[in-house]
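K.L.:
Pasting the sequence and the predicted model now:
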Amino acid sequence: MRFKDKVAFICGAGASSPGWSNGKAVSVLLAREGAKIFALDSSAENLAPTVEAIQSEGGTCVTHTADVTQQSDIKAAVDACMKKWGRIDILFNNVGLQSLGGPEELEEEVWDRLMNANVKSMFLTCKHVLPVMTAQKSGVIINNSSMAAISFLYPSIAYSSSKGAVDAFTKNLAVQYAGKGVRVVSVRPGLMATPRITARMKTKFGDGYEEALDARNKVVPMGRMGEAWDVAKAVAFLASDDASYITATEIVVDGGLSASSLGHPWADQEKNL
Ligand SMILES: NC(=O)c1ccc[n+]([C@@H]2O[C@H](COP(=O)([O-])OP(=O)(O)OC[C@H]3O[C@@H](n4cnc5c(N)ncnc54)[C@H](O)[C@@H]3O)[C@@H](O)[C@H]2O)c1
């Protein structure tokens, strides 16, 4: 029970399609190891299966509906968590929107929406959680980045830029707080078969879905896309005392893809995913 008596504040704890999203798997895994889960999401509907999964295993979870791009929502959520449990040991910043296209295709409004949801949200959660963690003289902040921060997968200028910003955010914050008992790290998933992705592939490829899935699996050196549990296990390690000397860096969860020189043969078929 690595997280007995610990409180985990999970932003984006729901799943946008049925199945195991990153936020849901992380919430369930931390709860299995004793953490009390403050599960935050903008959608009560997306959040419900996460809570059900935790409670069906005897875990502890409260839900909170909030928009991570709104400072008043974040402040109210942190206050609610403090009122309930009096501490926050783990903050997982998991909300991340994706939209494909380069500067010519993407509307300005979409750029702003992604930057707000993917980057500004982390600024806001940290603004309100850091005073709690520094007062405790302990805490771990884990940000969900993406391989898109460092590699071209398909045109996704806003998403890639936002995840690059997440990496810079993580390192800068980590060094500022390294002497205050707070670690700041990130996970960098590669190609993942989470429900948001597979649902989108089903819509795009229809009868060709299995073939597209197969092609996507094959470009990963380990021969398969990752799943949310792969991310969750990395997050649990980073959140635990086993990682007590690890800060200002990331764990890459991509089956070897970002180090591979095979190229990206799926790029054409994925262009409009
Ligand atoms: N799935 C992948 O292939 C993959 C790969 C690399 C990185 N990631 C990153 O993992 C994270 C989660 O991805 P996923 O596919 O598991 O997520 P998902 O879309 O299934 O779930 C994200 C949750 O965030 C919530 N949310 C969205 N906007 C919000 C807001 N403004 N305030 C509060 N909650 C909000 C949604 O309601 C949803 O329940 C993202 O940051 C994503 O960039 C995913």
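P.N.:
Cool, got the structure.
K.L.:
Only C-alpha atoms from now on, for both contacts and neighbour counts.
P.N.:
Will do.
K.L.:
Could you pick out the residues of the stretch 51-200 of the chain near the ligand for me?
P.N.:
Selection of the stretch 51-200 of the chain residues close to the ligand by C-alpha under 6 Å from any ligand atom yields 66-69, 94-97, 117, 144-146, 189-194, 196-197.
K.L.:
What is the neighbour count of Gly86?
P.N.:
The local packing count at Gly86 equals 12, with neighbours defined by other C-alpha atoms under 10 Å.
K.L.:
What ranges does the stretch 101-250 of the chain have for its helices?
P.N.:
Assigned by DSSP state H, counting those that start in this stretch, the helices in the stretch 101-250 of the chain fall at 108-115, 121-136, 157-177, 195-205, 209-218, 228-239.
K.L.:
and of the ones you listed, who's closest to Ser56?
P.N.:
helix 228-239 (18.1 Å; C-alpha to C-alpha).
K.L.:
just to revisit the earlier point, would a markdown table of the helices of the stretch 101-250 of the chain with mean pLDDT and mean neighbour count be doable?
P.N.:
As requested, the helices of the stretch 101-250 of the chain are exported to a markdown table (pLDDT from 0 to 100; neighbours: other C-alpha atoms under 10 Å):
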| stretch | mean pLDDT | mean neighbour count |
| --- | --- | --- |
| helix 108-115 | 98 | 16 |
| helix 121-136 | 98 | 19 |
| helix 157-177 | 98 | 20 |
| helix 195-205 | 91 | 16 |
| helix 209-218 | 91 | 16 |
| helix 228-239 | 98 | 21 |
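K.L.:
With adjacent residues omitted, what lies nearest to the closest residue to the ligand within the stretch 101-250 of the chain?
P.N.:
When C-alpha to the nearest ligand atom is the measure, the stretch 101-250 of the chain has its nearest residue to the ligand at Met192, with 3.8 Å between them. Nearest residue to Met192 in three dimensions, chain neighbours excluded: Gly226, at 4.4 Å (C-alpha to C-alpha, 6 or more residues apart in numbering).
K.L.:
wait, the one you found sits on Asp254?
P.N.:
Yes: taking contact to mean C-alpha atoms under 8 Å, the distance of 6.6 Å between Gly226 and Asp254 places them in contact.
K.L.:
Between those two, which contacts overlap?
P.N.:
With contacts defined as C-alpha atoms under 8 Å, 6 or more residues apart in numbering, the residues shared by Gly226 and Asp254 are Pro189, Gly190, Leu191, Met192.
K.L.:
Which one of those sits in the busiest neighbourhood?
P.N.:
Ranked by neighbours (other C-alpha under 10 Å), the shared contacts of Gly226 and Asp254 are led by Pro189, which has 26 neighbours.
K.L.:
I figured that one hits Gly256, correct?
P.N.:
No: Pro189 is not in contact with Gly256 according to C-alpha under 8 Å; the separation is 10.5 Å.
K.L.:
list the contacts for Lys137?
P.N.:
If you count contacts by C-alpha under 8 Å, 6+ apart, Lys137 has them with Lys180, Gly181, Val182.
K.L.:
Tell me the pLDDT of the residue nearest the centre of the chain.
P.N.:
Centroid-nearest residue in the chain: Asn94, 2.8 Å away (criterion: C-alpha atoms, centre = their mean). What the model reports as pLDDT for Asn94 is 98.
K.L.:
Among the shared contacts of Gly226 and Asp254, which one sits closest to Ala8?
P.N.:
For these, the minimum distance to Ala8 (C-alpha to C-alpha) is 20.5 Å, reached by Pro189.
K.L.:
Perfect, I'm done here.
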